[in-house]
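Trainee: Have a look; sequence and predicted model below, questions after that.
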Amino acid sequence: MAQSKEMNISPDVIAEAVKRAMAALGQESAKGVAANNLNGTLDAQRDYPLAEKRPDLVKSASGLALKDITLDKAVSGEIGFDDVKIRPETLEYQAQIAESIHRPKIAANLRRAAEMTQIPDERLLEMYGMLRPYRCTKQELLDLANDLETKYQARICAGFVREACDVYEKRNRLKR
């Protein structure tokens, strides 16, 4: 693991950052990079359900393999919340499976969910409150979208916030 002064950075986080940078540069799609890491795109017939057919791909946010997450370990306190949280890569794999059965909307939702795994829970709750009608000004929502895009590389989520901002403005639902 690469280390900085204040945090450990796993190889998966680095791979994800490279994937997003390449997609932003337009050189490869985010799906393409993940598929290259697997030597091909996942397919529902061959790979679904992941837990049964590709358990090697399923890991928790902390890096635990699926087989290492047991009820006994949870009860005894050996594993914590991060040990059962989903990784963005797992959601990308599920998105590839959805695409393989021609379900692009489900794939898009899974990719948005993957972005959200990188946002701290406290921030997600703040965002939920901010997105309620009359809670924020236009500038506050635009700042939120920019924060999502720059701080968390959550471009899909940022797009949804910008869309909500436009709708709220047209329907007169912004804070004054």
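Mentor: That came in fine, so what should we check first? Residues are numbered from 1 along each chain as shown.
Trainee: Quickly list the domain ranges of the protein.
Mentor: 1-118, 120-176 (automatic domain parsing).
Trainee: Turn the ones you listed into JSON lines, including mean neighbour count.
Mentor: In this view, the C-beta of every residue, glycine as well, is placed from N, C-alpha and C. What follows is the domains of the chain, written out as JSON lines (neighbours: other C-beta atoms under 10 Å):
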{"stretch": "domain 1-118", "mean neighbour count": "15"}
{"stretch": "domain 120-176", "mean neighbour count": "15"}
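Trainee: rank those domains by mean pLDDT and give me the bottom one.
Mentor: Sorting those by mean pLDDT places domain 1-118 lowest, at a mean of 78.
Trainee: Now do the strands in the protein.
Mentor: Counting by DSSP state E, the chain has strands at residues 2-3, 8-9.
Trainee: Can you tell me which residue is spatially central in the chain?
Mentor: Among the residues of the chain, the one closest to the centroid is A114, at 1.6 Å (C-alpha atoms, centre = their mean).
Trainee: Pretty sure that one sits against A107.
Mentor: No - A114 lies out of contact with A107 (C-beta atoms under 8 Å); the separation is 10.5 Å.
Trainee: Next, show the common contact partners of these two.
Mentor: A95 (C-beta atoms under 8 Å, 6 or more residues apart in numbering).
Trainee: For whichever helix in the chain runs longest, which outside residues touch it?
Mentor: Of all segments of type helix in the chain, defined using DSSP state H, the longest is helix 155-170. By C-beta under 8 Å, 6+ apart, the residues outside helix 155-170 that reach it are 20, 24, 108, 111-112, 115-116, 119, 127, 131, 133, 138, 141-142, 144-146, 148-149, 173-174.
Trainee: So which of these belong to helices?
Mentor: Those of these lying in helices (DSSP H): 20, 24, 108, 111-112, 115-116, 127, 138, 141-142, 144-146, 148-149.
Trainee: And those residues, which is closest to D83?
Mentor: The shortest approach to D83 among the ones in helices among the contacts of helix 155-170 belongs to M116, at 18.7 Å (C-beta to C-beta).
Trainee: Now do the contacts for the closest one.
Mentor: Contacts of M116 (C-beta under 8 Å, 6+ apart): 124, 154, 157.
Trainee: cool, and R54?
Mentor: Contacts of R54 by C-beta under 8 Å, 6+ apart are 42, 47, 93.
Trainee: Surely the last one and L50 touch.
Mentor: Yes - counting by C-beta under 8 Å, a contact exists between Y93 and L50, whose distance comes to 6.1 Å.
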